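**Student:** just coords:
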Ligand code: DAH
């Protein structure tokens, strides 16, 4: 029991330091302070007073004195804070009442890439596609070999690919994925046809940065594999997508192209209306596509005699630029609030 007085005095000292350091700048600071220390019900000092009857008789007097001193100190701190808040009134003659109010709360908005991505995924979701994901760090086999890139293909070059440091030359080369196409390989290896999926994600390229290319960007990969899938299915899906995303009156062109992992291959261009442009606008390529190459199906253990499929890979930044009328891809990555707040 003898330690109780000691403990009470120790607590008193702690509270006393806290009172000394208290910063009471606003009315709510002052009120919080009052409740914490001398509040009728749970004030810390009030609680300590309630312990007095439980102390040995000979200690009660000292305890009472110590606590009274503490309560006075708290009260004095409160009083002077009160005083200060009333004696420091705002001088109304110095306030310019014509100034606009200060906005203390900003409403956040979604990043235009997020907006475009969720529009894209929504549209494919309605067409029965599911979502797949893969790692952003890939190995050479998934990113290139299984996708039928020849050993000496220029895309494997240091120019385009951001390689991760290799510990030893006999380890497989690891890189930041240059496209979302490796997710095709991963999902086909992990399951059985039919496949009908999209794979959104970030991709990385060691590219010169310009108004329309950046070292990091987003793609949405598409893959449909089943018996009897044809190029007509592919074209139909892409045209439906383009009309849903850009509007019924979208002007587009589907022209043949080349990718190692599709045969035949084609790209979709969207007309970009630019009133200041000499031709009134220009074509903007937004995606590559084609029929999945038989070598790719074989690489993942599917019989190309039985299964056919189509694939596509679209950028997200470019469609977002077209839809939201953004003239420079770099704006997406600068995080300037004046830009971001417009969406
Ligand atoms: N992976 C290609 C790229 O990044 C885009 C692409 C083209 C993906 C054709 C596909 C495809 O799935 O079929 O440039």
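**Tutor:** Alright, I've got the coordinates. Only a predicted model underlies this, so the values are computations on that prediction, with no experimental measurement involved.
**Student:** can you pull out the helices in the stretch 201-343 of the chain?
**Tutor:** Counting by DSSP state H, counting those that start in this stretch, the stretch 201-343 of the chain has helices at residues 231-246, 294-299, 317-324, 331-334, 337-340.
**Student:** now do the strands in the stretch 51-200 of the chain.
**Tutor:** Along the stretch 51-200 of the chain, counting by DSSP state E, counting those that start in this stretch, strands occupy 130-131, 137-139, 174-176, 195-204.
**Student:** got a markdown table for the ones you listed, with distance to the ligand and mean neighbour count too?
**Tutor:** C-beta coordinates here come from the backbone N, C-alpha and C atoms, glycine included. Formatted as a markdown table, the strands of the stretch 51-200 of the chain follow (distance: least, CB to the nearest ligand atom, whole Å; neighbours: other CB atoms under 10 Å):
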| stretch | distance to the ligand | mean neighbour count |
| --- | --- | --- |
| strand 130-131 | 15 | 12 |
| strand 137-139 | 12 | 19 |
| strand 174-176 | 13 | 19 |
| strand 195-204 | 7 | 21 |
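**Student:** reformat the ones you listed as CSV; add mean pLDDT.
**Tutor:** Formatted as CSV, the strands of the stretch 51-200 of the chain follow (pLDDT from 0 to 100):
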stretch, mean pLDDT
strand 130-131, 98
strand 137-139, 95
strand 174-176, 92
strand 195-204, 98
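**Student:** how about CSV for those strands, with distance to residue 246 added?
**Tutor:** Formatted as CSV, the strands of the stretch 51-200 of the chain follow (distance: least, CB to CB, whole Å):
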stretch, distance to residue 246
strand 130-131, 22
strand 137-139, 31
strand 174-176, 30
strand 195-204, 18
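**Student:** tell me the residue of the stretch 51-200 of the chain that sits nearest the ligand?
**Tutor:** residue 179 (3.2 Å; CB to the nearest ligand atom).
**Student:** so how far is residue 199 from that residue?
**Tutor:** To residue 199, residue 179 is 10 Å away according to CB to CB, to the nearest Å.
**Student:** out of the helices of the stretch 201-343 of the chain, which is closest to residue 116?
**Tutor:** Residue 116 sits nearest to helix 317-324 of all the helices of the stretch 201-343 of the chain, at 3.7 Å, using CB to CB.
**Student:** buried set for that closest one?
**Tutor:** Using 16 or more other CB atoms under 10 Å as the test for burial, helix 317-324 gives 317, 318, 319, 320, 321, 322, 323.
**Student:** just stretch 138-151 next, same as before
**Tutor:** For stretch 138-151, by 16+ other CB under 10 Å, it's 138, 139, 140, 142, 143, 144, 145, 146, 147, 148, 149.
**Student:** show residues contacting it.
**Tutor:** 134, 153, 155-156, 161, 172-179, 181-182, 184-186, 260-261, 293, 295-296, 299-300 (CB atoms under 8 Å, 6 or more residues apart in numbering).
**Student:** go again with 6 Å.
**Tutor:** For stretch 138-151, the surrounding residues in contact (CB atoms under 6 Å, 6 or more residues apart in numbering) are 156, 172-175, 177, 181-182, 185, 260-261, 293, 295-296, 299.
**Student:** which of those residues are buried, as a ChimeraX select command?
**Tutor:** Filtering the contacts of stretch 138-151 down to the buried ones (16+ other CB under 10 Å) takes a single ChimeraX command:
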select :156,173,175,177,181,182,185,260,261,293,296,299
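**Student:** tell me the two of the contacts of stretch 138-151 that are most distant?
**Tutor:** The most widely separated members of these, counting by CB to CB, are 174 and 293 (24.4 Å).
**Student:** circling back: check the buried residues of helix 317-324 against the ligand, which are close?
**Tutor:** Contacts with the ligand are made by none of the buried residues of helix 317-324, judged by CB under 6 Å from any ligand atom.
**Student:** of the residues you listed, just say which sits nearest to the ligand.
**Tutor:** The closest of those, once distances to the ligand are taken by CB to the nearest ligand atom, is residue 318, at 11.8 Å.
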